[in-house]
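K.L.:
next come a sequence and a model predicted from it.
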Amino acid sequence: MGKTAVHPATRLIAWLALLIAVQCLSGAVLLAACLFAPLAGARVMRRGGRLVWRTRWLLLSLLLVFAWGVAGEPLWSGSLAPTREGVDEALKHLGRLVLVLVSVAAFLEFMPLAELLAATHALLAPLRRLGVDADRGVVRLMLVLRYVETLPRPRDWKSLLDIPETAACETIEIEHQALRWLDGCVMAGLLGGLVLFCFR
């Protein structure tokens, strides 16, 4: 890690702060964020597109629930017309969810697994006094990520019943990096900016 680089835990905190900030977007700001999302790069957009496609039924359900479930002025004359307020609310939630999926895609694309495990370990380490085992948490995170990557397609659901072979002697190496004053300043700035942005 270079002298000017921040700790992986700081980048993980920044990503979590971004996910929370997305939930505070609305109106023109949300629209601008969606329009500028492709600037994240072609690889991120391809990965994000796959995530959006996998959640297409959730997106459709949100659209139907909000468009036809929120009371307000009908969008057109007719008994089955959605409401303007419902459509506005549906588009707002869909835009936020799409941005979250793109953010997840960017995070997975630019955050190597080794750095993610190191970041998780660093954030869980202070919780040892509360009985949280940081080592076990990192192992569980790795297993979940491995399971998600090897998850079969819906039509191959029967393969979920098969018991996968596990490596009994598998070891995990986590690079330990101490948090520096720069990381503390960045985290404090992120949390302060997040509070000001969401409660403005």
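P.N.:
Okay, I see it. Just so we're clear, the structure is a prediction, and the values are computed from it rather than from any experiment. Numbering: from 1, shown residues only.

K.L.:
any weak-confidence spans in this structure?
P.N.:
1-4, 146-175 (pLDDT under 70).

K.L.:
residue ranges for the helices of it, please.
P.N.:
Under the criterion DSSP state H, the chain contains helices at 8-22, 27-36, 42-54, 56-69, 84-110, 113-124, 134-149, 181-198.

K.L.:
nearest to residue 75, of these?
P.N.:
helix 84-110 (5.5 Å; C-beta to C-beta). For glycine as for every other residue, the C-beta is placed from the backbone atoms N, C-alpha and C.

K.L.:
distance between the closest one and the chain's centre?
P.N.:
How far helix 84-110 lies from its chain's middle: 10 Å, per C-alpha atoms, centre = their mean, to the nearest Å.

K.L.:
still on that earlier bit, save the helices of the chain as TSV, and put in distance to residue 76 too.
P.N.:
Below are these laid out as TSV (distance: least, C-beta to C-beta, whole Å):
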stretch	distance to residue 76
helix 8-22	31
helix 27-36	23
helix 42-54	28
helix 56-69	12
helix 84-110	10
helix 113-124	48
helix 134-149	42
helix 181-198	35
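
K.L.:
now mean neighbour count and distance to residue 77 too, for these, in a markdown table please.
P.N.:
Output for the helices of the chain, formatted as a markdown table (neighbours: other C-beta atoms under 10 Å; distance: least, C-beta to C-beta, whole Å):
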| stretch | mean neighbour count | distance to residue 77 |
| --- | --- | --- |
| helix 8-22 | 18 | 35 |
| helix 27-36 | 12 | 27 |
| helix 42-54 | 15 | 33 |
| helix 56-69 | 14 | 15 |
| helix 84-110 | 18 | 13 |
| helix 113-124 | 19 | 53 |
| helix 134-149 | 13 | 46 |
| helix 181-198 | 13 | 39 |
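
K.L.:
identify whichever of those lies nearest to residue 78.
P.N.:
helix 56-69 (12.0 Å).
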